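Trainee: need a 3D model of the sequence below.
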Amino acid sequence: MGLKPEIRQYLSERSDLGLPAVWHAPLDELRKNTNLHVALSQPLIDIFEVKKILIPGPKSDLPVRIYRPSPRLNLPALVFFHGGGWVLNFLDIYEPALRKLAVAGDFVIIAVEYQKAPENPYPASFDDCFATLEWVVKNAKSLGIDPKTIGVGGDSAGGNLASAVALKVRDSKLLPLAYQLLIYPCNDYEMNYESASTFAENFGLTTKAMRWFWEQYLADSKFQIDPYAVPVKAATLSGLAPALIFTAENDPLVDDGKNYYKLLVSHSVPAYYKDYPGQIHGFFNLSGVTADAELLYSDISREINTLLGRDN
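Mentor: Now for the predicted structure:
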């Protein structure tokens, strides 16, 4: 259907800022430019509690934010890993969306600020994310979380991390993971699919930028076949937690999410898939720009609670 009008306007306004491509600027400048994200100017809805703490990580303490929608105990939980190509972004950008999602779904969200590439390439961020899940499982009672209803999720690079964590959960038998939420994930390093050509430029995220992000993350080429880095390389997906996959029509990664959904189904993993017409990569954080962001929060909440057998 092409771009929605509000998305076309948003992309035009972003273009007018004249920000450099990721491969054209020093890392410090790229990270500074993320402070211009529209999400940082969005109002924050009221929520029962947002707690900021540090938890022990594999190499250093990890900043974590815990979003609790109500004082009720024994709530489900979503351990969330943010996007940004494993290189960029920070939790303030996700604050508006995660507050809304926690309230809409009536579940606790635990979001972690993991270590970034290229200073800390794979497996640093993956190890941080898995360690965060381990910490949540270990502390479920004190967190007021039902350990039987813990899931993982993330957007973009965070979707990759959630997919990878779900694989390791299965392999390590850490717990029966309740679900994996994958919002326009990047699970295929090779990107040999049609959407990487069709939406290569002029739709926000570019294919060239995505390839650059992969290069920062996988500093050693041997990791290109590691399923915890590139989930499509897993020998089998059988036994994984049920998956909820959401994509954007005008995204170079749309086929990545669609293909992973098909792969999961072919390995008998329960999976749900929805694509949003007229949308672009990153719309999870565009609730001040497009109504589809609010629809996405509602859809995620409904599908998670349906999987968990909750009325919502």
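
Trainee: list of residues touching stretch 58-67?
Mentor: 47, 49-56, 91, 95, 98-99, 102, 108-115, 120, 124, 127-128, 131-132, 143 (C-beta atoms under 8 Å, 6 or more residues apart in numbering). In short, each C-beta sits where N, CA and C put it, glycine included.

Trainee: from these, which would you call buried?
Mentor: Buried members of the contacts of stretch 58-67, scored by 16 or more other C-beta atoms under 10 Å, are 47, 50, 55, 91, 95, 98-99, 102, 108-115, 120, 124, 127-128, 131-132, 143.

Trainee: looking at the residues you listed, which are in helices?
Mentor: Counting by DSSP state H, the buried ones among the contacts of stretch 58-67 place 91, 95, 98-99, 102, 124, 127-128, 131-132, 143 in helices.

Trainee: so residue 6 is in which element?
Mentor: Using DSSP states H and E, the secondary-structure element containing residue 6 is helix 5-16.

Trainee: what's that helix in contact with?
Mentor: 3, 38, 202-204, 250, 278-280, 283, 286, 289-290.

Trainee: returning to what we had before: could I get the ones in helices among the buried ones among the contacts of stretch 58-67 as TSV with pLDDT?
Mentor: As requested, those are exported to TSV (pLDDT from 0 to 100):
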residue	pLDDT
91	98
95	98
98	98
99	98
102	98
124	98
127	98
128	98
131	98
132	98
143	98
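
Trainee: ok, so of those residues, who is nearest residue 171?
Mentor: Residue 171 has its nearest neighbour among these in residue 127, at 14.3 Å by C-beta to C-beta.

Trainee: grab the nearest non-local neighbour of that closest one.
Mentor: Closest residue to residue 127 apart from its sequence neighbours, by C-beta to C-beta, 6 or more residues apart in numbering: residue 58 at 4.7 Å.

Trainee: show me the contacts for residue 148.
Mentor: Counting by C-beta under 8 Å, 6+ apart, residue 148 touches 176, 178.

Trainee: and the strands in this structure, which stretches?
Mentor: 49-56, 61-68, 75-81, 108-112, 145-155, 180-183, 243-250, 271-280 (DSSP state E).

Trainee: partners of the fourth one, with directions?
Mentor: Okay, so that is strand 108-112. Its sheet considered, strand 108-112 pairs with strand 61-68 (antiparallel), strand 75-81 (parallel) by DSSP bridges.

Trainee: need these in CSV (columns: mean pLDDT).
Mentor: Shown next, in CSV, are the strands paired with strand 108-112 (pLDDT from 0 to 100):
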stretch, mean pLDDT
strand 61-68, 98
strand 75-81, 99
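
Trainee: with respect to burial, which of those scores highest?
Mentor: Among the strands paired with strand 108-112, ranked by average contacts under mean count of other C-beta atoms under 10 Å, first place goes to strand 75-81 (a mean of 26).

Trainee: show me where the chain dips below the pLDDT cut-off.
Mentor: By pLDDT under 70, the low-scoring segments of the chain are 312.

Trainee: residues in contact with the nearest residue to residue 75 once chain neighbours are set aside?
Mentor: Using C-beta to C-beta, 6+ apart and skipping the chain neighbours, the partner closest in space to residue 75 is residue 108 (5.1 Å). The neighbours of residue 108, taking C-beta under 8 Å, 6+ apart as the test, are 66-69, 75-78, 102, 143-145.

Trainee: try residue 175
Mentor: 137, 147, 150, 169.

Trainee: show me the contacts for the first one.
Mentor: This means residue 137. Going by C-beta under 8 Å, 6+ apart, residue 137 touches 147, 150, 174-175.

Trainee: re earlier: okay, the strands of the chain in JSON lines with distance to residue 8 next?
Mentor: Below are these laid out as JSON lines (distance: least, C-beta to C-beta, whole Å):
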{"stretch": "strand 49-56", "distance to residue 8": "34"}
{"stretch": "strand 61-68", "distance to residue 8": "32"}
{"stretch": "strand 75-81", "distance to residue 8": "29"}
{"stretch": "strand 108-112", "distance to residue 8": "30"}
{"stretch": "strand 145-155", "distance to residue 8": "21"}
{"stretch": "strand 180-183", "distance to residue 8": "22"}
{"stretch": "strand 243-250", "distance to residue 8": "10"}
{"stretch": "strand 271-280", "distance to residue 8": "9"}
